[in-house]
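# Sequence isn't available, so here's the structure alone:
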């Protein structure tokens, strides 16, 4: 091997996993190495299946993972990695989302602007392992300078690479700021503003050139029709929207997960506990198929 080829090979080995499937497959490969299993013999295959729900998966004892979407396949690979670490094999299990939206909210601190890509990748990887699919980053009144927009682009790319939908919360933004954010941060999936700002913010959201959700604090009329979500406080009744809108409930850190949850899902103002993980996503063993009974053959 030439020196140049060796350097290229080393760079490929040391480079971080790029997309969400690369990340999840790397987790499984690491688990296989930790268990000292033979990668040549312990082969895990993956495929998409229309029989699986959007974020669901099924793992068979033949080391086959079927999933209904990219995110479902990510969850299946991460579950496989955990099963390999715990048992050294893949038992038959299935996973499904109980609610579409499972997220956390964080207010952007001053020190967060200086954090590197690896810190955000690790943060989003932790959420993916907990089957959280959303991260809501609330900004203050700071001006979105070119440098800060670059940071938000890096964060949004990191979220996408870990199968996390990033929503940016803006306090009293101008239409130009919303437009610039969506134009330069192509991985941002939603914009959160207060109800008074939602009317004019709908314009930049509608011209983003991709599917972006406008989120706000109550049901409002917008200048143009756009996908909308309304954030509710715990116990608040569902709003009557003029057009199509979804809702989710915001809970304080340490709140016990409710038995029943209305709307599209939940957002936590703090860390994710086991109760919230179970509320949002279920992984369960696959029941073995009942043996087929043979019809007795009568002798003539």
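Alright, I've got the coordinates. Keep in mind that this is a model prediction, so the values were computed, not measured.
# Going by C-alpha atoms from here, please, whenever you check contacts or count neighbours.
Fine.
# and the gap between residue 23 and residue 71?
As judged by Cα to Cα, to the nearest Å, residue 23 and residue 71 stand 12 Å apart.
# Leaving out sequence neighbours, find the closest residue to residue 281.
Computed as Cα to Cα, 6 or more residues apart in numbering, the closest residue to residue 281 that is not its neighbour in sequence is residue 97, at 4.5 Å.
# surely the one you found meets residue 278?
No. Residue 97 lies out of contact with residue 278 (Cα atoms under 8 Å); the separation is 9.6 Å.
# quick one: which of those two has more around it?
Set residue 97 next to residue 278 and count neighbours by other Cα atoms under 10 Å: residue 97 wins out with 21 against 15.
# Ramachandran coordinates for the more buried one?
phi -80, psi 130 (degrees, to the nearest 10).
# what's the answer for residue 158, then?
Per degrees, to the nearest 10, the backbone of residue 158 is at phi -60, psi -40.
# pretty sure it contacts residue 124?
Yes. Counting by Cα under 8 Å, residue 158 touches residue 124, with 7.5 Å between them.
# Check the offset of the helix or strand that contains residue 199 from the chain's centre.
Using DSSP states H and E, residue 199 maps to helix 195-206. Put simply, helix 195-206 sits 25 Å off its chain's centre (Cα atoms, centre = their mean, to the nearest Å).
# Where does pLDDT dip in the stretch 201-300 of the chain?
Scanning the stretch 201-300 of the chain for pLDDT under 70 picks out the ranges 240-243, 289-300.
# Residues contacting the lengthiest helix in the chain, please?
The helix spanning the most residues in the chain, taking DSSP state H as the definition, is helix 70-87. Residues outside helix 70-87 that contact it (Cα atoms under 8 Å, 6 or more residues apart in numbering): 20-21, 24-25, 27-32, 34-35, 46, 48, 54-59, 65-67, 89-91, 95, 128-129, 131, 163.
# With stretch 204-218 instead?
Outside stretch 204-218, the residues that touch it by Cα under 8 Å, 6+ apart are 175-176, 178-179, 182-183, 188-195, 198, 201-202, 224-232, 239.
# same for the helix or strand hosting residue 46, what does it pack against?
If you go by DSSP H and E, residue 46 is part of strand 45-48. Judged by 3 or more Cα pairs under 8 Å, 6 or more residues apart in numbering; DSSP states H and E, strand 45-48 is in contact with strand 64-67.
# ok, the strand it packs on: who's next to it in the sheet?
strand 45-48 (parallel), strand 57-59 (antiparallel) (DSSP bridges).
# Out of those, which one sits most buried?
With neighbours defined as mean count of other Cα atoms under 10 Å, those peak in mean count at strand 57-59, which reaches a mean of 27.
# quick one: average confidence on that strand?
In this model, strand 57-59 has a mean pLDDT of 98.
# Please confirm that residue 150 is located within a strand.
No. Applying DSSP: H, G, I helix; E, B strand; the rest coil, one finds residue 150 to be helix, outside a strand.
# Can you tell me how far it is from residue 166?
Going from residue 150 to residue 166 by Cα to Cα gives 15 Å.
# Could you check which of those two has the larger neighbour count?
More crowded of residue 150 and residue 166, by other Cα under 10 Å: residue 166, with 25 against 15.
# The more buried one belongs to a strand, doesn't it?
Yes. Assessed with three-state DSSP, residue 166 lies in a strand.
# got a list of what it touches?
Contacts of residue 166 by Cα under 8 Å, 6+ apart are 134-137, 156, 159-160, 187-190.
# from those residues, which single one is nearest residue 104?
Using Cα to Cα, residue 135 comes nearest to residue 104 of the contacts of residue 166, at 5.3 Å.
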